[in-house]
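Trainee: only geometry, no sequence info:
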């Protein structure tokens, strides 16, 4: 049985992408590329999170599932050991301070390559052993489906672009559809699996073609953007495949499941947009207060209705702005969205959309405060970190201004 192969991750997985001052002469509009890593997707996309989806897909017996769990724990232990070795190497590099670390920057690729090789070997061994446990040669179609699942787990999870990182199989599974409904949309789901798998592999081929970066080399913004262009374009196509099939799957579902599917899809496609705001949490809490007067209850209900309308418009504006940003941006360390600016940075459409949403949410919270009395306001949920100032939280953005 051949090993289950993983494609490369999103490509520009960088240990450091920084504008350095005082260490090297860096011209305006240039960025010092510290280190690149276009290694195994197992590293770029993350570890195998759980063996349970594979056990379910492959129809493992109780004994087989238990054996698979033992193999998975051995795999995780190998990954932990590789990670600990990498941390030790990084700690050694930091000895002597920032200047010493910069002088040893050439060692980073070797450290990362050693880590990738160990994690990739652990994953390959896990799937080799799992193939024996499940007798994969006797069920080639199911084994191929398991391979596609892993490529989705890796290739989609490492995509920073809104809509490109969604696995529609997981979206449908979250709906917990009756068996008859799941069977009805089965052909649509298989079409999706095959289509997204082809595009994941196409995106990975674009990564392979990238020229290796030279550690410590100073590159212009234009050079970085051009280097990243094939991967960005392939990732946009990945998003398009997801969007096309999301529409087809939604249309194939019975009417009573379509709204739930759309909501689940959007929350996964744009998690930072659809994360619950502090205003939503406070409105939900206020509606549950037993000591509201009739007038207060009516005012809170009207406020929620108006806020939900405004929130829908704000989220739609954010989606549009994020799509625009995705098509102009690039992929950075750990899947972060990187925005490069040559000179002073001006607010983008995404910045303005975030600000508009934050102001709208803050105004609604202020109105709620005027409806409630002091005792009731003290029982409202505490804001999450930064939530009071930043409604649109959680987005991973790296801004480089030079």
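Mentor: On my side now, so go ahead. All of these numbers come straight from a predicted model, not from anything done at the bench.
Trainee: pLDDT score assigned to residue 90?
Mentor: Here the pLDDT value assigned to residue 90 is 84.
Trainee: pLDDT weak spots in this structure?
Mentor: Per-residue confidence of the chain (counting by pLDDT under 70) places the weak regions at 1-46, 100-103, 158-160, 208-219, 221, 329-345, 385-402.
Trainee: now the strands for it?
Mentor: Under the criterion DSSP state E, strands of the chain are mapped to 16-18, 30-35, 218-220, 330-331, 337-341, 397-401.
Trainee: how close does residue 269 sit to residue 141?
Mentor: 29 Å (C-beta to C-beta, to the nearest Å). For the C-beta atoms, the positions are set from N, CA and C on the backbone; glycine is no exception.
Trainee: looking at those two, which has the bigger crowd around it?
Mentor: A direct count of neighbours by other C-beta atoms under 10 Å for residue 269 and residue 141 places residue 269 higher, at 22 against 7.
Trainee: give me the number of residues near the nearest residue to residue 67 once chain neighbours are set aside?
Mentor: Using C-beta to C-beta, 6 or more residues apart in numbering and skipping residues adjacent in sequence, the residue nearest residue 67 is residue 133, 5.0 Å away. Number of residues near residue 133 (other C-beta under 10 Å) recorded here: 18.
Trainee: any idea how far residue 133 is from residue 152?
Mentor: Spatial separation of residue 133 from residue 152 under the definition C-beta to C-beta is 22 Å.
Trainee: can you check residue 91 too?
Mentor: With distances defined as C-beta to C-beta, the gap from residue 91 to residue 152 amounts to 35 Å.
Trainee: so between these two, which is more surrounded?
Mentor: With other C-beta under 10 Å as the criterion, residue 91 and residue 152 differ in neighbour count, and residue 152 comes out ahead with 20 against 9.
Trainee: OK, contacts around that one?
Mentor: For residue 152, the set of contacting residues under the criterion of C-beta atoms under 8 Å, 6 or more residues apart in numbering consists of 167, 169, 193, 196-197, 200.
Trainee: and it, how close does it get to residue 176?
Mentor: Between residue 152 and residue 176 the computed distance is 20 Å (C-beta to C-beta).
Trainee: likewise residue 379?
Mentor: Following C-beta to C-beta, the distance that separates residue 379 from residue 176 is 34 Å.
Trainee: neighbour count for these two, which is higher?
Mentor: residue 379 (12 against 8).
Trainee: and that one, its phi and psi?
Mentor: When quoted as degrees, to the nearest 10, the phi and psi of residue 379 stand at phi -90, psi 0.
Trainee: what of residue 165?
Mentor: phi -90, psi 10.
Trainee: quick check: it touching residue 154?
Mentor: No. With contacts defined as C-beta atoms under 8 Å, residue 165 does not count as touching residue 154, sitting 11.3 Å away.
Trainee: please identify which of the two sits among more neighbours.
Mentor: Relative neighbour count places residue 154 above the other of residue 165 and residue 154, with 26 against 21, counting by other C-beta under 10 Å.
Trainee: hmm, back to that, return the residues in contact with the residue nearest to residue 67.
Mentor: Residues in contact with residue 133 (C-beta under 8 Å, 6+ apart) are 60, 64, 67-68, 71.
Trainee: how does it look with 6 Å?
Mentor: Each residue near residue 133 by C-beta atoms under 6 Å, 6 or more residues apart in numbering is listed here: 64, 67-68.
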